[in-house]
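*Asks:* Build me a structure from this.
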Amino acid sequence: MTAAPPAAAAVGGALREEDERGSGGAAPRMESCDLGSRQQGAIWHRKPSPAARQGVIVNIIHSVKGYHSKTIRFLNVAFDGSGDSLLTGDHQGNTYVFDLNGNRFNLVQRTMQACTALAFNLRRKTEFLVALADYSVKCFDTETKELVSWMRGHDSSVSSISVHGSGRYAITTSTDTAQLWDLDTFQRKRKLNVRQSVGIQKVFFLPLSNTILSCFKDNSVFAWEFDTLHCKYQLPTPVEGSVLLYKVFAVTRDGRIFVAGGKSNHLHLWCLQSKQLIRIIQMPAKVRAVRHLEFLPDSFDGGSNQVLGVLSQDNIMRFINIETCKLLFDIGSHEEGISTAAVSPNGRYIASVMENGSLNLYSVQALVQEGNKNELPGGLNKKRLQVLLKGFGEYPAKYRMFVWRSLLQLPENHLAFSSLIDKGTHSAFVNIQNEYPIKSRKLLRVLQRTLSALAHWSAIFAETPYIPLLAFPFVKLFQNNQLICFEVVATVVVNFCQHWFEYFPNPPVNVLSMMENVLAHHDKELLQHLIKYSVTSQVYAWPLLETLFSEVLTREEWLKVFDNIFSNHPSYFLMIAVAYIICSRAPLLHCNQTADFEYFFHHRNNLDINAVIKEAYHLMEATPLDIHPQRMLDDFIPLTKGQYPVFNKYPTFIVDYQTQERERIRQDEIEYLRERQLAHELEAKAQERKAEDEAWYRKQELLREAEERRRKILLEEEKKLAEQKQRLAAVKRELKVKELQFLDASRRRFLKYQQDQRQTELKRLDDEIARKASMREQETAATVQDVEVQRLELESQRQLFEQHLIKDQEAVRKEMKEEVDAHRRKVDLEDHLVQRLMEIEREEKQKAQIVAEENLTKAEQKRFDTDWRLQALHKLRRDDQNREKHYEEIAKILHDNRVKEAELLKTMREAEEEKWEEVIQKKAQLEEEQKAAAAADEHRKQFLEDKMNDALELAEKLQREDGYFERPRDLKARRTERRVELQRVPRSGSICLNDLSASESSSHMFLDRRREELACQEQELMAEVRRLRQKLTSRAQMRRPPTRFQATKWTP
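*Replies:* A predicted model of the protein is given here:
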């Protein structure tokens, strides 16, 4: 394998390119109209040429001149019902009407506010609607220029106005509402409100129907019956990998196809009859968002428009065929972008508001022709091919024939060509081999057939002497495809040989004059030299034209030249002939003989063909318009499909005379042969007619039998089709039943799942309540254990106190024994009485001190006991408070459970009322329990206070008894002193000691009895506390019964 040359690779890429833009030459200036301060006037001053600049008829601007010159921007544009009048509004509130047929414009209103929407297709042709920046809509009359009505009701800017086909109703749309107006009374009939979160995109009437289509920002599209405003249907939501949010919409004139687009390069095509998405059109990758959609009407499509205009974010409006998905043409550019556009109802004009604020009016016919010229068969683009040709100089040989066929747009009319070939060899070319002795019989036969076909197509070619020279190069190239060969020659004659036959049989003097004018403008010296030696254009120009340069160029040079000729305007053919002459000026200036000039233009010369081609392009650009051949020659027109066009651009009387003479001679020659064979032919025809009649009857019989067989086959097929339809309906019913069963099963599974979730939640709440109750019981048990421990501590302290009392009794007994012994020793030891009395007094003092200390210890012990009881009471009170908090938490949990039950059983009204009654009863019971608990707490509190008072009274009584116990001791001390004084009275002292011993024993007995009573009371108190604890625990358990819920079930 070998690598393709760069030119071949480039053209191969061009075969795959379709949406690329070529760079064209400079275009003539287009017609412009500045409104200025004029209120009326002409739109254009001379008849515009739409083909002059990309189909633009006129560019309209509105400039204000003064100290600060500025341009007033147009904002909106609308056509009337006929499509011949145009209504525009700018941002200063000026409204103009342009009469395109009458070539007049008129300022009809100044609202002093920017307009947001326009409508010019009302029932009364002179009235129009304009939406203003203050959210109002006004109706004006273009003739009287007066306000007809003022309609208010919107709270935001009106984005669109849709008028019914009758012109009697209108719909105004803003983002939050759409309103239906009666244009006879200018009263609002209906209002469409939506949630602010949804929003309205557009509401409009469908053409040729009483249906209103509403499009919302959530991609929902609803159709409403106009008379009743009942919803007819809703389009289903499209399923797509990337969500397309609809922003702009368009409908065909017959109301069958609905197109939606948005922030994507995709367009959705809906069929409003089947309510189905029938097609998704993908625009080129450079289109990222669609700003406006508009169908282009056609007079012959019956309202089923096929051409859609798509305005994208790059401000270029592309017109595509929605059936073939091909780009037909586009308007606007990156430098001159389009803001919005409107198409006339008759499909003749396109009005576009440009980004610079001006208004462009396009001719649809010119745009279509321009698109047809650029778009070639096979997916090629003419502008792209021109760029490649200028870069490489020629097309690669591998693709040349294909590119030529595409550039010439050959129709390949096989039937028409066969009819020409069937006519046989034309009489003018029967003996062509005598004039042109060609060695190759195949090439001679192809040339003879091609020339005969040309002569049968138009009689002029049978009389043109140079037609074989003109056709021979193409015959040699396309000898293997006679149809293409014929159509190439015919296309060349029709387009590149314009006006050649007007002076037949003379050369085309008018064409040669055009070439002479161009030569005079660019090389006057050379023309003067040719004139000096009487060399006319028939010598230096006509030989090049009639032979198509085949005599002066080699094969490669000739192919390169015609690559450029076929890629440009037909005038380029003449320019390249002039360029050949100009590039040969050096040898021509040295020629001074007519024969030398004739030889030069009939033989090959040493010229650089690339320089000739370059010079031809220079002549195309530099030649003034008044002498430019392009002004006289028509644009390239391909051969028509089906039948070839009529070619009669020649003096018919001359051609007819020559044809008649040739035909008369031929008829004379044929007459004899015809008369001689007439008899044989009549006999043969009779036999043939008889055979034909018999064959016709047989054929009719066979046809009748075949028709019967096919009728039977059709009946059988119809029966089979009916059976298949029945089976298909049964399958559809089964699928529908299965779908309903699946939906029901899904619903039941979902309901069961919800029920399981509710039961799980209730179980979790029960577990939480049980856990808290268990924790509370544990705390109660711990408190009871603490009380028991404190009781044990009290018991141990009581035993310790008894031990101390026993010790005190022993000490008292010992003291009494010592006193008795002392008294006995005193009797025995009277001699030492005084000393003994002093010792006894000292001992008595020590004993009194010990008794005081013991009394103090007892008082301290009583105080400690009282403090411990107070602490126990405080602990009990804190425990009661904690228990009350637990009760409050339980009540809160019960309240939450009731709220959840109410939410869960919302749909079951009757059960809900019963549950509420139960909740009310339980609440009353809870309040009674709380009151009972409060009464029990009060009773317990009163009981503890009574016990505390009893304990305090007992302590005071003990203190008083201790004081009574101390008084006999004081009396004893005084009696001892008296005994010291009366030393001689011993019997009295003995009596006193005996009395003291008896009183002490009685006081000890009383203390023992009180201690036993206190111990019993303490045990009873602890038992009462335990009973109260058990009672409160049982009440708490009774107050919180386990919550149970009945099983719930969702019903369909």
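*Asks:* Wasn't residue 765 part of a helix?
*Replies:* Yes. According to DSSP: H, G, I helix; E, B strand; the rest coil, residue 765 belongs to a helix.
*Asks:* That one: neighbour count?
*Replies:* 16 (other C-beta atoms under 10 Å). (Each C-beta comes from the backbone N, C-alpha and C, glycine too.)
*Asks:* okay but it is in contact with residue 894, surely?
*Replies:* No. Judged on C-beta atoms under 8 Å, residue 765 makes no contact with residue 894 at a distance of 10.0 Å.
*Asks:* low pLDDT regions in the stretch 651-800 of the chain?
*Replies:* 653-658, 662, 666 (pLDDT under 70).
*Asks:* how about a cut-off of 90?
*Replies:* 651-695, 697-711, 714-715, 717-719, 721-722, 724-800 (pLDDT under 90).
*Asks:* which residues are contacting stretch 602-610?
*Replies:* Stretch 602-610 has contacts (C-beta atoms under 8 Å, 6 or more residues apart in numbering) with 393, 543, 551-554, 557, 560-561, 580, 583-584, 587.
*Asks:* ok, which pair from these is furthest apart?
*Replies:* Greatest spacing in the contacts of stretch 602-610, by C-beta to C-beta: 393 and 543 (25.2 Å).
*Asks:* Those two - which one has more neighbours?
*Replies:* Using other C-beta under 10 Å as the criterion, residue 393 and residue 543 rank with residue 543 on top: 21 against 15.
*Asks:* Find the helix or strand that that one is a member of.
*Replies:* Taking DSSP states H and E as the criterion, residue 543 maps to helix 542-546.
*Asks:* now residue 580
*Replies:* Going by DSSP H and E, residue 580 is part of helix 571-583.
*Asks:* contacts for that helix?
*Replies:* So helix 571-583 is in contact with 496, 511, 514-515, 518-519, 522-523, 526, 540-541, 544-545, 549, 552, 561, 564-565, 588, 607-608, 611-613, 615-616, 618-620, 623, 628-630, 632-633, going by C-beta under 8 Å, 6+ apart.
*Asks:* Any of these buried? List them.
*Replies:* Buried members of the contacts of helix 571-583, scored by 16 or more other C-beta atoms under 10 Å, are 496, 511, 514-515, 518-519, 522-523, 526, 540-541, 544-545, 549, 552, 561, 564-565, 588, 612-613, 615-616, 619-620, 623, 628-630, 633.
*Asks:* Take those and keep only those in helices.
*Replies:* 511, 514-515, 518-519, 522, 526, 540, 544-545, 561, 564-565, 588, 612-613, 615-616, 619-620, 629-630 (DSSP state H).
*Asks:* Residue 805: how many residues sit nearby?
*Replies:* Neighbours of residue 805 using other C-beta under 10 Å come to 16.
*Asks:* hang on, the earlier thing: got a list of contacts for the helix holding residue 543?
*Replies:* The contact list for helix 542-546, computed with C-beta under 8 Å, 6+ apart, reads 466, 469-470, 500, 507-508, 511-512, 551-552, 573-574, 577, 580, 598, 601-602.
*Asks:* Could you tell me how many residues sit around residue 806?
*Replies:* So residue 806, with other C-beta under 10 Å, has 11 neighbours.
*Asks:* So for it, what's the pLDDT?
*Replies:* Predicted confidence (pLDDT) for residue 806: 83.
*Asks:* Please, which helix or strand holds it?
*Replies:* Using DSSP H and E, residue 806 falls within helix 678-828.
*Asks:* ok and the helix or strand following that helix relative to helix 678-828, angle-wise?
*Replies:* Once the chain leaves helix 678-828, the next helix or strand it forms, by DSSP H and E, is helix 833-904. Here the directions of helix 833-904 and helix 678-828 differ by 170 degrees (axes from the mean of the first three to the mean of the last three C-alpha atoms, to 10 degrees).
*Asks:* packing partners for helix 833-904?
*Replies:* helix 678-828, helix 909-981, helix 986-1039 (3 or more C-beta pairs under 8 Å, 6 or more residues apart in numbering; DSSP states H and E).
*Asks:* Export these as a markdown table, with columns for distance to residue 475.
*Replies:* Shown next, in a markdown table, are those (distance: least, C-beta to C-beta, whole Å):
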| stretch | distance to residue 475 |
| --- | --- |
| helix 678-828 | 37 |
| helix 909-981 | 98 |
| helix 986-1039 | 117 |
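*Asks:* quick one: which of the ones you listed is nearest residue 365?
*Replies:* Among those, helix 678-828 comes nearest to residue 365, with 47.1 Å by C-beta to C-beta.
*Asks:* Residue 315 - nearest residue in space that isn't next to it in sequence?
*Replies:* Distances taken as C-beta to C-beta, 6 or more residues apart in numbering put residue 337 closest to residue 315, at 2.5 Å, once the chain neighbours are dropped.
*Asks:* Can you classify residue 641 as helix, strand or coil?
*Replies:* coil.
*Asks:* Could I get the pLDDT score of it?
*Replies:* Reported pLDDT at residue 641 in the predicted model: 90.
*Asks:* cool, residue 833 as well?
*Replies:* For residue 833, the pLDDT comes out at 66.
*Asks:* same check, this time on residue 999
*Replies:* So residue 999 comes in at 44 (pLDDT).
*Asks:* Got the phi and psi for residue 505?
*Replies:* Main-chain torsions, residue 505, degrees, to the nearest 10: phi -90, psi 10.
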